[in-house]
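Student: requesting a structural model of the entry that follows:
(one chain, ligands or ions: 1)
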Amino acid sequence: MPINYNEKEKIFHLQALDTSYIIQICESGYIAHLYWGRKIKKLNFNNKPILKSSNYNVLDLDLPLDKLPQEYPMYGKSDFRNPAFHVQLENGSTISEFKYAFHKIYKGKPKLEGLPATYVENDDEADTLEITMVDSLTGLNIKLLYTVFNNLNVITRSVKFINEGTQKLRLLKAMSVSVDFDNSDYDMLQLSGAWARESNIYKRELVPGIQAVDSLRGISSAQQNPFIALLSKNADEIHGEAYGFNLVYSGNFTAEVYVDQFLTTRVSMGINPFDFSWLLEPKESFTTPEVVMVYSKAGIGEMSRTYHKLYRRRMCRGTYRDKERPILVNNWEATYFNFNEEKIKDIAKAGSELGIELFVLDDGWFANRNSDNCSLGDWIVDKNKLPNGLSKLAEDINEMGLSFGLWFEPEMVSPNSDLYRKHPNWCLHVPDRKRSSGRNQRNQLVLDLTRKDVCDEIIRMVSDILKNAPISYVKWDMNRPLTEMGSDKLSPERQRETAHRYVLGLYRIMNEITSSFPNILFESCSSGGGRFDPAILYYMPQTWTSDCTDAVERLKIQYGTSIAYPSITMGAHVSTCPNHQVGRMTSIDMRGNVAMSGNFGYELDLTKFTSEEKDIVKKQVEYYKEIRHIVQFGDFYRIKSPYEGNETAWIFVTEDKKEAVASYFRVLAKPNILSARLKFEGLNPDYMYEIVGEDMIFSGEELMYIGVDIPIIDEEHYRVYGDFYTVRWRLKKVE
Ligand code: DGJ
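Tutor: The predicted structure is shown next:
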């Protein structure tokens, strides 16, 4: 049984595949955290050093809480570390006193009301523990939810507050998780960046005090992804321990790592408490988003692969979850706003001749949208550009053998739009303050998704378009952060609920639209990866990873994103040269190979390619079709990091280990070097593998322990000649 309760010692032992998590109820009623890490197969309940540390004695009623590792620490008693929650009573006081009340253990995993979360398809996949603690003064109940996945090293947590008392309570802080570690010998890994520079990896040594990542932008953000990991000091891709925390949420969040006076560490993660509060009337409840916690005893690589498996199978949903994704061509970088029907069809036609499967019409197809400063909210086709309408265009493109996809930015409104003229108060705003315009200071406001009428109208507008044309794919964009977070419809005491209510409104919209159109593939986007988080993946199984399409920058972005998110979720396109974001000229091989390491496509004017370039594209498309099942559903092993030098390498291996595809990238050429070897990972050492197209056979052992030669390209002069060099190997088990 993955969750055991020892009645005598009052100990819960949660066991996922290869990890244990241990909780004890103290004599005082406080709930202590005893352990999280490698699986303890035989737990000796008399084990003094573990269960009754000399730092604290769970029998001690007067134990200073500052010394007790806890499951969900409160504020105002003798614990001076950061509390997991903060509640205000009607009399203004903010002190809590919560004690264990009861618990429940059951098979399966409950849904979280209105919130995306991991799920099970069969109750045997997971077990759940609910511990309820109660504050006897106020009657507030806190239910701590833990789900243990039996076949993965995953524990998910969330918290439900239920006001069973008679007074109004105000939640000022409500973290999804708090975990105490008994030391601080860890590094913290985070995925940070900016627009076009998302998910760069940063590591820092823990020091006393708070180290944190957060967002106050109303979206999970390109600046800080809602993910952190604690790594043991020796950890690398294959060694050491890694503890991952990923918040399933798309709005303001915080992830704090607090090292205290005794050099113990408290990790907490959840909705950002700044400018947040939630009024709980009697009988009302509040559920926090879920945190997905992954433990790995075999380095960062294994942690990532656990997240990938979980997200591919039990976060993403719908028709496309297990389907190979189409190769697309998108017109954004080809035309921006400057296109007409003929141009679009020409690009689609060129795409169809090269084997591309989906054409995506990006921004600019509606109202008078000739630049990014108008028309959002008026989702009516622009007859100047597309005189025959969307449906006819989609049909014509279908006839070329491509399916048709369309761009939307449904959460926004331009002041220069009919929608805004009709409903000037449908955007987020506060009384008497100027409304800050977004997207490069141009005119774009955010619709108030806390309002039901606004959400209903968005659902209606988008659905109308989707119903009336053969659309197989939607790119759901969102191009500015939230400002003036306030709503016309909320009472003054609920204004600080705006940011969270926005996210809940968004989830309702996404849920309704994606379930009404189950055969449409949805790709999310927020100026690239501004909202690349697991919550959005619950509704839309792929995300445009970054607006930066430069292959060199993409190495870092995709490598960083892969720390938590699987390749199938990462949109990756070949774009033109010089690159539009950085002006770099890279080889088409390099651009192709980087993009083929994700969810592959093109974003350039294919009609401008020479016939040689078209031949290369054709081959890339054919090649990707052959390897797509490996890249999209295989296990991912990072071999060389772009953060550590001039070279990057990785390999995808199918779950049965019978097929693999490895890639190597060298950014800048170096003179006078010897050819080096690349050691593969993740293969079966006992299998014999053929290197496809090279007529060579090696054992898995040879490929992993000795490695393959990275070819010198200019054999005659025995040198690497040219920057942006890439090689790939496709491996097949010899039966
Ligand atoms: C931002 C997206 O990331 C781009 O790919 C493109 O769709 C533009 N928005 C369109 O406005």
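Student: look up phi and psi at the closest residue to the ligand within the stretch 201-350 of the chain.
Tutor: With Cβ to the nearest ligand atom as the measure, W332 is the residue of the stretch 201-350 of the chain nearest to the ligand, at 4.7 Å. For glycine as for every other residue, the C-beta is placed from the backbone atoms N, C-alpha and C. The phi/psi pair for W332 (degrees, to the nearest 10) reads phi -60, psi -60.
Student: nearest residue to it in space, please, no chain neighbours.
Tutor: Beyond its immediate neighbours in the sequence, the residue positioned closest to W332 (Cβ to Cβ, 6 or more residues apart in numbering) is D362, lying 3.9 Å away.
Student: neighbours of that neighbour, just the number please.
Tutor: The number of residues packed near D362 is 21, by other Cβ atoms under 10 Å.
Student: sorry, back to before: and the residue of the stretch 201-350 of the chain closest to the ligand, how far from K109?
Tutor: Note on W332: its distance to K109, by Cβ to Cβ, to the nearest Å, is 39 Å.
Student: likewise D709?
Tutor: Relative to K109, D709 is positioned 48 Å away (Cβ to Cβ).
Student: the two: which has the busier surroundings?
Tutor: Taking other Cβ under 10 Å, D709 and K109 do not tie; K109 has more neighbours (22 against 11).
Student: for the more buried one, phi and psi?
Tutor: The phi and psi torsions at K109 (degrees, to the nearest 10) take the values phi -140, psi 130.
Student: contacting residues around it?
Tutor: For K109, the set of contacting residues under the criterion of Cβ atoms under 8 Å, 6 or more residues apart in numbering consists of A117, T118, Y119, V120, E125, A126, T128, T147, T156.
Student: so which of those residues wins on neighbours?
Tutor: Top of the contacts of K109 by neighbour number is T147, holding 28 neighbours under the definition other Cβ under 10 Å.
Student: so that residue sits right up against A126, yeah?
Tutor: Yes. Using Cβ atoms under 8 Å as the test, T147 is close enough to A126 to be in contact (5.1 Å).
Student: my guess is L280 contacts F286, does it?
Tutor: Yes. Applying Cβ under 8 Å as the test, L280 and F286 come out as touching, 6.0 Å apart.
Student: any common contacting residues for those two?
Tutor: Common contacts of L280 and F286, defined by Cβ under 8 Å, 6+ apart, comprise F161, L171.
Student: leaving out the residues flanking it, which one is nearest to the closest residue to the ligand within the stretch 1-150 of the chain?
Tutor: Of the residues in the stretch 1-150 of the chain, the one nearest the ligand is P116, at a distance of 21.7 Å by Cβ to the nearest ligand atom. Spatially, and ignoring its direct neighbours in sequence, P116 is nearest to Y538 (3.3 Å; Cβ to Cβ, 6+ apart).
Student: can you confirm the one you found is in a helix?
Tutor: Yes. Using DSSP: H, G, I helix; E, B strand; the rest coil, the assignment for Y538 is a helix.
Student: pLDDT weak spots in this structure?
Tutor: Per-residue confidence for the chain (pLDDT under 70) gives these ranges: 47-52, 441-442, 713-719.
Student: pull the longest helix from it.
Tutor: helix 611-633 (DSSP state H).
Student: name the helices or strands packed onto the very next helix or strand once past that one?
Tutor: Tracing the chain past helix 611-633, the next element assigned as helix or strand by DSSP states H and E is strand 635-640. Using 3 or more Cβ pairs under 8 Å, 6 or more residues apart in numbering; DSSP states H and E, the elements in contact with strand 635-640 are helix 299-314, strand 647-653.
Student: of these, which approaches E497 most closely?
Tutor: Smallest distance to E497 across the helices and strands packed on strand 635-640 (Cβ to Cβ): 28.8 Å, for helix 299-314.
Student: so after that closest one, what's the next helix or strand?
Tutor: The element immediately downstream of helix 299-314 (helix or strand, assigned by DSSP H and E) is strand 328-330.
Student: for that next one, name the packing helices and strands.
Tutor: If you count contacts as 3+ Cβ pairs under 8 Å, 6+ apart, strand 328-330 packs onto helix 341-353, strand 358-361, strand 599-603.
Student: for those, which one ends up most surrounded?
Tutor: strand 599-603 (a mean of 27; mean count of other Cβ atoms under 10 Å).
Student: how far does that one sit from its chain's centre?
Tutor: Computed by Cα atoms, centre = their mean, to the nearest Å, the separation of strand 599-603 from the middle of its chain amounts to 20 Å.
Student: quick one, domains of the chain?
Tutor: Listed domain ranges for the chain are 75-312, 328-633, 647-733 (source: automatic domain parsing).
Student: so how far is the first one off the chain centroid?
Tutor: This means domain 75-312. How far domain 75-312 lies from its chain's middle: 15 Å, per Cα atoms, centre = their mean.
Student: try the last one
Tutor: A distance of 30 Å separates the centroid of the chain from that of domain 647-733, by Cα atoms, centre = their mean.
Student: what's around N82, how many residues?
Tutor: For N82, the tally of surrounding residues (other Cβ under 10 Å) stands at 22.
Student: grab the nearest non-local neighbour of it.
Tutor: Taking Cβ to Cβ, 6+ apart, and ignoring the residues beside it in sequence, N82 has Y258 as its nearest neighbour in space, at 5.0 Å.
Student: buried residues of the host helix or strand of that neighbour, list them for me.
Tutor: Applying DSSP H and E as the criterion places Y258 in strand 253-259. Of the residues in strand 253-259, F253, T254, A255, E256, V257, Y258, V259 count as buried by neighbour count, 16 or more other Cβ atoms under 10 Å.
Student: before we move on, back to that, any chance of the domains of the chain in CSV, plus distance to T319?
Tutor: Written out in CSV, the entries for the domains of the chain read as follows (distance: least, Cβ to Cβ, whole Å):
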stretch, distance to T319
domain 75-312, 14
domain 328-633, 5
domain 647-733, 21
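Student: which one of those domains lies nearest to Y5?
Tutor: The closest approach between Y5 and any of the domains of the chain, judged by Cβ to Cβ, belongs to domain 75-312 at 6.5 Å.
Student: picking that back up, max pairwise distance over the buried residues of strand 253-259: which two?
Tutor: Considering Cβ to Cβ, no two members of the buried residues of strand 253-259 lie farther apart than F253 and V259, which are separated by 20.5 Å.
Student: start to end distance for stretch 63-74?
Tutor: Length of stretch 63-74, first residue to last, Cα to Cα, to the nearest Å: 15 Å.
Student: tell me which residues in that stretch are buried?
Tutor: Judged by neighbour count (16+ other Cβ under 10 Å), stretch 63-74 contains these buried residues: L63, L65, D66, K67, L68, P69, Q70, E71, Y72, P73, M74.
Student: assumed the third one was part of a helix.
Tutor: By that I understand D66. Yes. D66 sits within a helix when classified using three-state DSSP.
Student: for it, list the residues it contacts.
Tutor: S78, D79, F80, R81, D260, Q261.
Student: the closest residue in space to Y725 that isn't next to it in sequence: how many residues sit nearby?
Tutor: Spatial nearest neighbour of Y725, chain neighbours left out: R666 (4.5 Å); criterion: Cβ to Cβ, 6+ apart. Other residues within reach of R666 by the criterion other Cβ under 10 Å amount to 24.
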